[in-house]
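Enquirer: Using only what follows, build the 3D model:
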Amino acid sequence: MRTSKPKILVIEDDPQISKFLTITLTSHDYAVIPAETGREGVRLATSIRPDAVLLDLGLPDIDGKEVITTLREWSKIPVIVLSARGQEEEKIKAFDLGASDYVTKPFGTGELLARIRAALRDVVVAQADTTDVELGDLKIDFMKRVVTIRGERVKLSPKEFALLKVLAMNAGKLLTHKYLMQEVWGDAYGEDNQYLRIYISQLRQKLESDPMRDQYILNEPGVGYRMERPGA
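Expert: Below you'll find the model as predicted:
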């Protein structure tokens, strides 16, 4: 059980936004560590090991995407991008580099806090040797390659199981089309989303109790897919 406040590293060079984030997060029982530059943020992340990072992309010394790349060399700390860059291409680049979430400025306090709570939620599969995972009525045994939904076994093809495994092991994290394609089909298929759409559709038909409503596999149009626990 956690006894100390979650530590949030805020890498933001705008004094007003940084102050707003500090006041908001502190009032909701988070410990805030501010950084004004990318390099300072990386140094603090290395020494303090925060529970999550809020990252602006437009920093005075280095681009925020470089910060993500550096952090991902040694850490899986959740990184939530806060940026005025709302273009789809920027979001995709950030996610491909390892960002956990992307919030476009301006944003509401409630939305930001919800995103932070989601980022800090226990990772479903934290270690590579974890053998099973449960997401509501969905249960996956990676060792035995057995999938059950509401107690009934679901028959999946090898590719369907491989895709489900990647999604489940990164539950709560938005995975880009390119990332999923490369992980399941290999680098040669990185830019071809046709297979992905087909297999996502097949998984939904086998896992979702209501075909008209996505419960487990959520779509972020133009970016990728995220697997969630129903009701999370």
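Enquirer: how about the nearest residue to the most centrally placed residue in the chain, chain neighbours excluded?
Expert: When the chain is reduced to its mean C-alpha position, the closest residue under C-alpha atoms, centre = their mean turns out to be residue 173, at 2.4 Å. Setting aside the residues directly before and after it, residue 173 is nearest to residue 100 in space (C-beta to C-beta, 6 or more residues apart in numbering), at 5.6 Å. C-beta here means a position set from N, CA and C on the backbone, and glycine is covered the same way.
Enquirer: Neighbours of that neighbour, how many?
Expert: Using other C-beta atoms under 10 Å, residue 100 has 22 neighbouring residues.
Enquirer: The chain should start at 57 in everything you say after this.
Expert: Sure, I'll start numbering at 57, so the last one becomes residue 156.
Enquirer: quick one, what contacts it?
Expert: With contacts defined as C-beta atoms under 8 Å, 6 or more residues apart in numbering, the neighbours of residue 156 are 134-136, 175, 229-230.
Enquirer: likewise residue 209?
Expert: For residue 209, the contacting residues are 202-203, taking C-beta under 8 Å, 6+ apart as the criterion.
Enquirer: thinking again about what came up before, I'd like the contacts of residue 156 as a markdown table, with secondary structure appended.
Expert: Converted to a markdown table, the contacts of residue 156 look like this (DSSP: H, G, I helix; E, B strand; the rest coil):
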| residue | secondary structure |
| --- | --- |
| 134 | coil |
| 135 | strand |
| 136 | strand |
| 175 | helix |
| 229 | coil |
| 230 | coil |
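Enquirer: still on that earlier bit, would you mind giving me the confidence score for the residue nearest to the centre of the chain?
Expert: In this prediction, residue 229 carries a pLDDT score of 85.
Enquirer: can you check residue 185 too?
Expert: Per-residue confidence (pLDDT) for residue 185: 45.
Enquirer: Same question for residue 182.
Expert: Model confidence at residue 182, expressed as pLDDT, equals 44.
Enquirer: Just the helices from this structure, written as ranges.
Expert: 71-83, 94-104, 120-127, 144-153, 165-176, 214-225, 233-241, 250-263 (DSSP state H).
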